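In: coords below, sequence missing:
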């Protein structure tokens, strides 16, 4: 904190009228994204078309999160920060996890990575840790790195696990995400200091902003994990398609 004002990495909180002009053109960030695009292009050239599409989509989401006005919006509203985190851990990271070849492992440690991801996600939404990320670039990027790393370990383990284990992990994540969202939605007071003076321009008081963020965790985010659990279970229960008989056998 400098001069009594919060100075987050994405800049001071915009207003509703200035938001769309607030692109993050940090040269270091742009250079890293360019390098990531080059690396992904090289890796993708050896992968199937579907994997290349997932990599391109993941890179696009990362650019949206850190370059577009959504980055600045997270300085204004807790709800925008929730959207930012959910797009990172439930969209960009799993797209990358499914783009790369599956990991060959007899023990993906899925239970451990499920717990780790939950602990990291809850820790960064504790009021003190959350506020810290607004006053230090190092703290901000530590948050982004640990959220991404724990989500990566979780999704790669989900992909490598058996269907019953994957479904259990996804449902456990649904529960913990919904529980955190419900706690924030029904909290009697606003918990997040950085947003006490930044929400009015968007027509919200701080507690309403917090409730909106909690609802986003509680319903849409939980539905993502629950939907994936249902899809995984459905795929596991569907009978295998019969293979076409060889021409010689048909003759």
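Out: Yep, that arrived. Quantities reported herein were computed from a predicted structural model and do not represent experimental measurements.
In: What's the per-residue pLDDT of residue 112 here?
Out: Per-residue confidence for residue 112 comes out at a pLDDT of 96.
In: Equivalent analysis for residue 106, please.
Out: The pLDDT attached to residue 106 in the predicted structure is 51.
In: again, but for residue 238
Out: The predicted structure scores residue 238 at 78 on the pLDDT scale.
In: Adjust the sequence numbering to begin at 33 for everything that follows.
Out: New numbering, starting at 33: the last item is residue 270.
In: Quick check: it vs residue 128, distance?
Out: Per CB to CB, to the nearest Å, residue 270 is found 27 Å from residue 128. C-beta: built from backbone N, CA, C; applies to glycine.
In: got it, and residue 134?
Out: 13 Å.
In: who's more crowded, those two?
Out: residue 128 (23 against 10; other CB atoms under 10 Å).
In: Not counting its neighbours along the chain, what's nearest the more buried one?
Out: Closest residue in space to residue 128, ignoring its immediate chain neighbours: residue 90 at 4.7 Å, by CB to CB, 6 or more residues apart in numbering.
In: Secondary structure element for the one you found, which one?
Out: Secondary structure from DSSP states H and E places residue 90 in helix 81-98.
In: Show me the shaky parts of this structure.
Out: 33-38, 135-139, 271-283 (pLDDT under 70).
In: How are the strands of it distributed by residue range?
Out: Remark: strands of the chain are absent; assignment by DSSP state E.
In: Where do the helices of it begin and end?
Out: Along the chain, the segments classed as helices by DSSP state H run 59-76, 81-98, 101-108, 110-119, 125-131, 142-156, 159-164, 169-192, 195-218, 238-248, 254-269, 279-282.
In: My guess is residue 47 contacts residue 235. True?
Out: No - judged on CB atoms under 8 Å, residue 47 makes no contact with residue 235 at a distance of 11.2 Å.
In: Who has more neighbours out of the two?
Out: Set residue 47 next to residue 235 and count neighbours by other CB under 10 Å: residue 47 wins out with 12 against 9.
In: dump the residue contacts of that one.
Out: Counting by CB atoms under 8 Å, 6 or more residues apart in numbering, residue 47 makes contact with 108, 233.
In: Kindly recompute the last result at 10 Å.
Out: Counting by CB atoms under 10 Å, 6 or more residues apart in numbering, residue 47 makes contact with 54, 108, 230, 232-234.
In: Phi first, then psi, for residue 235.
Out: In this entry, residue 235 is assigned phi and psi values of phi 80, psi 20 (degrees, to the nearest 10).
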